[in-house]
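*Asks:* take this sequence and fold it.
(2 chains)
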Amino acid sequence: MKIVLINPPHTAIGSRVPDDHLPPLGLLALGGPLIDAGHQVRLVDAEFGPMALATLVRDALSDHPDCILIGHSGSTSAHPTALLIAGMVKDIQPATILIYGGVFPTYHWRDILAETNVFDFIVRGEGEATIVALVEALEKRKPLSDVAGIAFPDDLRQPFATRPTRTITNLDDYRIGWELIDFSRYSYWGGKRAVVMQFSRGCPHLCNYCGQRGFWTRWRHRDPMKFAREIAWLYREHGVELINLADENPTSSKKAWRAFLDAMIAENVPVLIVGSTRADDIVRDADSLHLYRQAGVIRWLLGMENTDEQTLALIRKGGSTSSDREAIRLLRLNGILSMATWVAGFEDESLRDLWRGFRQLIAYDPDQIQALYVTPHRWTPFFRIARDRKVIQLDARLWDYKHQVLQMTRLKPWMLFFAVKLIELAVQSRPRRWRVSCSTRIRSNGIRCAGTPKWAAASGSAKSGAFWSATAA
Amino acid sequence: MGRRVWFREVWGFLVRDRRLKHGPTLAEFWGSPQDEEEESMVVERLPRQSMTAISPNA
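*Replies:* Sure thing, here's the model as predicted:
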């Protein structure tokens, strides 16, 4: 079959502003198995430009494909765009089979199929095995109800789902369709040639707000040796300089992660690695963090979410503020940057809570901060806790974690917004770094650094230190 | 936090994005909670292997 994979142009700010774009791993992960099953596959990546929807649809339909697959990693906020694209495709070529997949459609399949008839099939859960089975069933006219992990309108146009699919036991059984992309178009970290990969899927922790854990169902990882070998191959054959790990938690297994680090070091390729992990794992691996750096890790995003122990308990984060702080210190000690995610917009949060959070963040002193807003997904336990909260943002395109979507009891949206913006500015400027470097210079030279208030310089390090200590306590 | 993103967010908040004062509840907007369906797949369980079978020296 002739199949086109569409990566819709995402409307989120993070996708629109930077010059760098990363390849759509989810679609490439489907492309590999489809190519191996003998299908003719092509990718249309509309993130470049971004491509106008009319141009995108014209391009996708240019060689009259049998099937079009639409999916995006930011699936909730990309849904309205995916819907528009599907509608335009059906208007022009109604016979084209439209298949939709990703986290959002996996759970909202009933609503989507009830509200629109533009999607012929929805793939639920991870798609590598399912998409191959579905396309084969379509091609050979086999019964569709035998294909696990799909949903479609039945003969009465009612949404119908087949039995859930099984998790892939061996992630190395399916390859990524790297031949679908032109590597020179994709970059990250200031223009470095980059791709997205997954060492693992899922997460063993039970944070109740996470929209990914249940989607992947169980934490599994790839063979560490094969994964390192693939990275080295990407460097040697395609000049890839940076790997952005899309894992929720790649370091869950100390043994598997250590095997990967050793394999990467043995491959001896100058590839940089960025990703996300938990602070607890960094503290656990304190004695082997030098291997992280040696293997190429340059930045970890630490999902600390909040600095308040009560809030961490509410969201069942399972971490602690002490390990968050220690992880940042350890990473810095080993030359690895830390990016802290911090979530605001909990129902009863007040300015006092934000101030306390700010002081905690200053004390943690991460290199970068990513402030996000509470954005509950319907399939998570946190949704049940928050279900009676009022929605202030009806545009699903803005449900991208970077916009406040729920009303708060004590703060108006403008109050939260400007408090968060100021916190971002203040934390990212890293006042503790200035305090340390300035007080060192004042002590050693008796001079005032640029930007140090005269009163602070005149009174020496003690006073300037006291000022920052007061804010950092 | 990227510098350009920061300014775009401020501009978006002040000029572009609109928020409701009296919106629906979360459950009215997205539908009822679905956390009982949180796990989207079933877990493939492999038959247990003995230590001898998986040992590299076996």
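
*Asks:* contacting residues for A:Ile265?
*Replies:* A:Leu291, A:Gln294, A:Ala295 (C-beta atoms under 8 Å, 6 or more residues apart in numbering or on different chains). Glycine gets a C-beta too; all of them are placed from N, C-alpha and C.

*Asks:* neighbours of the first one, how many?
*Replies:* In other words, A:Leu291. Using other C-beta atoms under 10 Å in any protein chain shown, the number of residues around A:Leu291 comes to 18.

*Asks:* gap between it and chain B?
*Replies:* A:Leu291 sits 22 Å away from chain B, going by C-beta to the nearest C-beta, to the nearest Å.

*Asks:* one more: A:Glu326?
*Replies:* 23 Å.

*Asks:* mind checking the SS state of that residue?
*Replies:* With DSSP: H, G, I helix; E, B strand; the rest coil as the basis, A:Glu326 sits in helix.

*Asks:* if we can go back for a sec, between the contacts of A:Ile265, which is closest to A:Asp120?
*Replies:* A:Ala295 (43.8 Å; C-beta to C-beta).

*Asks:* nearest residue to A:Phe199 in space, please, no chain neighbours.
*Replies:* In space, not counting the residues next to it along the chain, A:Phe199 is nearest to A:Pro250; the distance is 4.5 Å by C-beta to C-beta, 6 or more residues apart in numbering or on different chains.

*Asks:* check A:Ile181 too.
*Replies:* The shortest distance from A:Ile181 to any non-neighbouring residue, by C-beta to C-beta, 6+ apart, is to A:Pro23 (5.0 Å).

*Asks:* returning to what we had before: can you redo the contacts of A:Ile265 as CSV with pLDDT?
*Replies:* Formatted as CSV, these follow (pLDDT from 0 to 100):
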residue, pLDDT
A:Leu291, 97
A:Gln294, 97
A:Ala295, 97
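
*Asks:* can you lay out those residues as JSON lines showing secondary structure and distance to A:Gln404?
*Replies:* Below are the contacts of A:Ile265 laid out as JSON lines (DSSP: H, G, I helix; E, B strand; the rest coil; distance: C-beta to C-beta, whole Å):
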{"residue": "A:Leu291", "secondary structure": "helix", "distance to A:Gln404": "40"}
{"residue": "A:Gln294", "secondary structure": "helix", "distance to A:Gln404": "41"}
{"residue": "A:Ala295", "secondary structure": "helix", "distance to A:Gln404": "38"}
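
*Asks:* near chain B, which residues of the stretch 101-250 of chain A? Just list them.
*Replies:* A:106-108, A:111, A:124-126, A:149, A:164-169, A:213-218 (C-beta under 8 Å from any C-beta of the partner chain).

*Asks:* just the closest residue of the stretch 1-150 of chain A to chain B, please.
*Replies:* Here the residue of the stretch 1-150 of chain A nearest chain B is A:Gly125; by C-beta to the nearest C-beta that distance is 4.2 Å.

*Asks:* dump the residue contacts of that residue.
*Replies:* So A:Gly125 contacts A:Thr106, A:Gly149, A:Pro164, A:Thr165, A:Thr167, A:Phe215, A:Thr217, B:Ser40, B:Met41 (C-beta under 8 Å, 6+ apart).

*Asks:* so how far is A:Ser323 from it?
*Replies:* Noted for A:Gly125: a distance of 32 Å to A:Ser323, by C-beta to C-beta, to the nearest Å.

*Asks:* swap in A:Val135?
*Replies:* Distance of A:Val135 to A:Ser323, computed by C-beta to C-beta: 46 Å.

*Asks:* please identify which of the two sits among more neighbours.
*Replies:* Neighbour count, other C-beta under 10 Å: between A:Val135 and A:Ser323, A:Val135 has more, with 25 against 19.

*Asks:* surely the more buried one meets A:Lys2?
*Replies:* No - using C-beta atoms under 8 Å, A:Val135 makes no contact with A:Lys2, being 10.7 Å away.

*Asks:* before we move on, which element is A:His290 in?
*Replies:* Using DSSP states H and E, A:His290 sits within helix A:289-295.

*Asks:* residues in contact with that helix?
*Replies:* A:258, A:260-262, A:264-265, A:273, A:282, A:285, A:330-331, A:333-336.

*Asks:* residues of it that come out buried?
*Replies:* For helix A:289-295, the buried set under the neighbour-count rule, 16 or more other C-beta atoms under 10 Å in any protein chain shown, comprises A:Leu289, A:Leu291, A:Tyr292, A:Ala295.

*Asks:* by contact count, what packs against the very next helix or strand once past that helix?
*Replies:* Note on helix A:289-295: by DSSP H and E, the next helix or strand toward the C-terminus is strand A:297-305. Contacts defined by 3 or more C-beta pairs under 8 Å, 6 or more residues apart in numbering or on different chains; DSSP states H and E place strand A:297-305 against strand A:272-277, helix A:279-284, helix A:321-333, strand A:337-344.

*Asks:* and the contacts of the longest one?
*Replies:* If I follow you right, that is helix A:321-333. With C-beta under 8 Å, 6+ apart, helix A:321-333 has contacts from A:279-280, A:282-283, A:286, A:289, A:300, A:302, A:304, A:307, A:309, A:312, A:337-338, A:340, A:360, A:363-367.

*Asks:* next, the buried residues of it.
*Replies:* Quick answer for helix A:321-333 (16+ other C-beta under 10 Å): A:Thr321, A:Ser323, A:Asp324, A:Arg325, A:Glu326, A:Ala327, A:Ile328, A:Arg329, A:Leu330, A:Leu331.

*Asks:* show me where chain B has its strands.
*Replies:* Assignment of strands within chain B using DSSP state E yields no ranges at all.

*Asks:* how close does the residue in chain A that chain B sits nearest to sit to A:Leu30?
*Replies:* Using C-beta to the nearest C-beta, the closest approach of chain A to chain B is made by A:Gly214 at 3.4 Å. According to C-beta to C-beta, A:Gly214 and A:Leu30 sit 20 Å apart.

*Asks:* is the longest helix belonging to chain B anywhere near chain A?
*Replies:* For chain B, the longest helix by residue count, based on DSSP state H, is helix B:3-11. Yes - counting by C-beta under 8 Å from any C-beta, chain A is contacted by helix B:3-11 at B:Arg4, B:Val5, B:Trp6, B:Arg8, B:Glu9, B:Val10.
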